[in-house]
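Student: Sharing a model prediction with you, sequence too.
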Amino acid sequence: MKYRIVNFLRHLALMLLVIWTVVTLVTFLMEIVPGDPATVILGETATQEQIENFRQKHGLDRPAFFFSYSRENGFIWNGSDNRYADYWIGLLHGDLGNSFRTDRPVRDMIFERYPATIKLAVAAMLVAIGIALPLGVLAGSRKNSLIDNFASVFALLGISLPTFVIGPFLVYIFAVQLGWFSPTGSFYPEDIVLPAVTLGAALSAILTRMIRSSVIEELGEDYVRTARAKGVSERKVLFKHVLKNGLIPVVTILGLQLGVLLAGAIITEKIFNWQGLGLLLLEDGIGKRDYRLVQGCVLVISVTYIVANSLTDLVYRKLDPRIRLS
Amino acid sequence: MSRLAYIGLAIAAVFIMAAIFAPWIATQDVTVQDLAARYASPSREHWFGTDGLGRDVFSRVVFGARISLQVGISVVLVSSIIGTMIGSVAGFYGGLVDKFLSGYVFNVFLAFPGLLLAIALVAFLGAGQGKLILALCVIGWVGYARVMRGQVLKVREYDYVLAARALGAGNMRILTTHIMPNAIQPLIVQASLGMAGAVLSEASLSFLGLGIPPPAPSWGTMIEEARQFFSNSPHVLFFPGGAIALTVLAFNFIGDGLREYLDPKQRSR
């Protein structure tokens, strides 16, 4: 019990440290962006008054951090009246600031698009499991067979082919040539199929490899020999004994990959014009230089990634008593 | 080494040669546009056809190898040097230094989605080869540092290190002449896999419009440009896409082969 609490607190502390680092890093990066955000957003033709109004509205007229440095004045302590402290106070109230472009709360903009990204990541994960589980088990239980070689080639291709190559090819075959799906957009339920397959391809390759080697390893264990000696059928050995143990590391990878999928969704969303968080970051944030929005998107994606990883670790410990004991 | 590793070496050698001798191998100027020959199919004159601006795809793929490998090698070199130094310090000194580095710094960097951090860095710093390399080094060094720390922790306990210390060698001498050369082997595997990762990341960022800006013939940019008219002219996407896949595959093969070669347990299987 004591170990569990210590472990939980350790995770929580690390999570908070990472969140602190993300916020600090992104705020710092905003400061070193060449040019004044006010001029970038309002354009070169903006009057001095417009620029000053903009800077005042978004707090850009105030110091960025607790201290600042200039060649003329050296280090200056600015006290708590700074944008970094403001951002933290806002964050603790669930406020991510207002967009430089639209003046809408960044939180609202993000949460409008976030469900689409989660939906895509979960669909990609289901696709990956749907492909990798049967393929990995078959390949592992029939080592060096035709299906095993096929699984190896499939895994190699899945790992080597980037999503931005797989995606357009899938569009070409299934949307342009066969006309089964629309090439881009997220209007109909079936529109998720091609983006999910594209995003899940690399994960299915990784999982296939993992499940294959896990099954091979477990099949060589003593308990399998005992089960076989007791006359348990091969099917039962595989599904009741081997998979139960062999899938534990796969659960970890799945959890860790959820975060990777959320980050990787940026490319898939661009390919399919999928209206998710990645596209919001790319087009409305980076494309329109709305740094407040970029800051919010990066923070939300990072936090999701960190939370997913931490939860995975906790679930993994729960699933595998050996980890808990060690 | 395995057969696949040799295949990987052969493919990598082809791309390295293409990158070095690009001006002699390319059949056309990579920036010269021929609008009358837009999206031309592969032919004798244009081996891989032409793109949307009538530029020769073969020549652009060849010069693209130069960009990809330049970025890949730079990222691997810089990240591995930084990672080796930080990892060695963490592993060798242990204690609070190690707790801070491996308990906090490594974990923080590993807790970020790498691609997202690179996107954020490039978004704020601006596009360009130098900034792209910097962004990829920021996300890349920690992998080397972690491997190096583990190795140094192991090697520092060996008898010859104790002997060197008994002979009066200082920390710096022990670390640089006795520990590091004996701990560096797994870094070669990491470097090979890191090369594949760097090539892929460069192409991904260029595809997103955050890497090497046009008209430079980056493979990622070529795919982004080809995407719109891909259905009529698949060759514009096929060749740069194939080049990325082959390069990544080659370095993954080499990395896997080296790992197998350096790990006797895996070799005997």
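Tutor: Received the coordinates, thanks.
Student: the helices in the stretch 201-326 of chain A, which residues?
Tutor: Per DSSP state H, counting those that start in this stretch, the stretch 201-326 of chain A carries helices over the ranges A:222-229, A:234-236, A:243-246, A:248-272, A:277-279, A:291-319, A:321-325.
Student: my bad, should have said the stretch 101-250 of chain B
Tutor: Along the stretch 101-250 of chain B, the stretches classed as helices by DSSP H, counting those that start in this stretch are B:106-111, B:114-125, B:129-155, B:159-166, B:171-173, B:180-183, B:185-207, B:219-227, B:235-262.
Student: if we can go back for a sec, need the helices of the stretch 201-326 of chain A in JSON lines with distance to chain B and mean pLDDT, can you?
Tutor: Where you see a C-beta, it was placed from the backbone N, CA and C, and this is true even at glycine. Output for these, formatted as JSON lines (distance: least, CB to the nearest CB, whole Å; pLDDT from 0 to 100):
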{"stretch": "helix A:222-229", "distance to chain B": "18", "mean pLDDT": "88"}
{"stretch": "helix A:234-236", "distance to chain B": "23", "mean pLDDT": "84"}
{"stretch": "helix A:243-246", "distance to chain B": "18", "mean pLDDT": "80"}
{"stretch": "helix A:248-272", "distance to chain B": "3", "mean pLDDT": "82"}
{"stretch": "helix A:277-279", "distance to chain B": "9", "mean pLDDT": "91"}
{"stretch": "helix A:291-319", "distance to chain B": "5", "mean pLDDT": "81"}
{"stretch": "helix A:321-325", "distance to chain B": "18", "mean pLDDT": "56"}
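Student: export the helices of the stretch 101-250 of chain B to CSV and tack on mean pLDDT?
Tutor: Shown next, in CSV, are the helices of the stretch 101-250 of chain B (pLDDT from 0 to 100):
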stretch, mean pLDDT
helix B:106-111, 80
helix B:114-125, 84
helix B:129-155, 91
helix B:159-166, 90
helix B:171-173, 88
helix B:180-183, 85
helix B:185-207, 90
helix B:219-227, 89
helix B:235-262, 88
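Student: Let me know which of those is the nearest to A:Leu157.
Tutor: The closest of the helices of the stretch 101-250 of chain B to A:Leu157 is helix B:235-262. By CB to CB, the value is 7.7 Å.
Student: so what does that closest one touch, helix or strand wise?
Tutor: When contacts are defined as 3 or more CB pairs under 8 Å, 6 or more residues apart in numbering or on different chains; DSSP states H and E, helix B:235-262 sits against helix A:146-160, helix A:163-170, helix B:3-20, helix B:57-93, helix B:185-207, helix B:219-227, helix B:264-268.
Student: Pull up the residues of the stretch 151-269 of chain B that are close to chain A.
Tutor: Residues of the stretch 151-269 of chain B lying near chain A by CB under 8 Å from any CB of the partner chain: B:200, B:203-204, B:207-210, B:220, B:223-224, B:226-227, B:230-231, B:234, B:237, B:241, B:244-246, B:248-249, B:252.
Student: now do 6 Å
Tutor: Where the stretch 151-269 of chain B comes near chain A, counting by CB under 6 Å from any CB of the partner chain, the residues are B:200, B:207, B:223, B:227, B:230-231, B:237, B:241, B:244-245, B:248-249.
Student: Which two among those residues are spaced furthest apart?
Tutor: Of all pairs drawn from those, the greatest distance, 26.1 Å, lies between B:Ser231 and B:Leu249 (CB to CB).
Student: This completes my enquiry, with thanks.
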